[in-house]
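# the following block contains a protein sequence and its predicted model.
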Amino acid sequence: MIQMFKDIEIKGHKYQIGRMTARDGSWIAMQILTKILPQVIGSQIENIEGLENLPTGRSEMSESEFRNLQDHCLAVCRRYETVGTQEAPLPIIARPGVFAIAELEYDLITIFTLTAQALIYNIAPFFEEGGLTSILENFPGLNPQKQ
C-alpha cells in the first residue's frame with residue numbers, strides 16, 4: 001500500500017506532504033525530464049542510458065511554467081494548525097497563487113523547502129521504481145536500443 005502522506009518540520013512548524021494524482025505526477029515528471037534535468041546536466045545527458053534521444057532545442061522553464069509546477073507541489077502541502085482542541089492539517093494554498101496562510105507568502109525558505117519536498121516525495125518513486133525503464137520497455141519507439 002502506498003503511503004499517502006509524510007510529515008516534516010520546517011522552522012518550528014509541522015507540515016504534511018500529500019500525494020499528487022498520477023496525472024499531475026506524470027506531467028511533472030515530464031517537465032523534469034524535458035526541461036529541468038537537461039538544463040541541470042547539460043551535455044552529460046548523452047551519457048545517461050535511455051535519455052540520449054530527448055528532443056533537441058529544449059527551452060528553459062519559463063516563470064509561468066515554474067509557478068504552475070510550484071502550484072501543483074504546494075497544493076499537496078498542509079500545515080498543522082490547532083483547530084479547537086486538536087491539530088489538523090490545513091491547506092497552505094487557497095487557490096493557485098494565493099496563500100491560505102498569509103505569512104508564507106514572504107517565507108522563501110519554507111516555500112522552497114515545501115516545493116522540493118513535494119517534488120521528491122511524489123516524483124522520486126517514478127525514478128526509483130524503474131518508471132522510466134518501464135516506459136522505454138513498453139514503448140519501443142521511444143527506446144532507440146529496441147528499434
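Nice, I can see it.
# can you name the helix or strand that the spatially most central residue of the chain falls in?
Central residue of the chain (CA atoms, centre = their mean): residue 119, 2.6 Å from the mean position. For residue 119, the enclosing helix or strand under DSSP states H and E is helix 108-128.
# all the helices of this structure, residue numbers only.
22-31, 37-41, 63-74, 108-128, 131-138 (DSSP state H).
# closest to residue 15 out of these?
helix 108-128 (6.4 Å; CB to CB). C-betas here are computed from N, CA, C, even on glycine.
# from the contact counts, what lies against the closest one?
strand 5-10, strand 13-18, helix 22-31, helix 63-74, strand 77-83 (3 or more CB pairs under 8 Å, 6 or more residues apart in numbering; DSSP states H and E).
# go again with 10 Å.
strand 5-10, strand 13-18, helix 22-31, helix 63-74, strand 77-83, helix 131-138 (3 or more CB pairs under 10 Å, 6 or more residues apart in numbering; DSSP states H and E).
# of all the residues in stretch 80-96, which ones are buried?
Neighbour-count burial for stretch 80-96, counted by 16 or more other CB atoms under 10 Å, picks out 80, 89, 91-93.
# distance from that stretch to the middle of the chain?
How far stretch 80-96 lies from its chain's middle: 22 Å, per CA atoms, centre = their mean, to the nearest Å.
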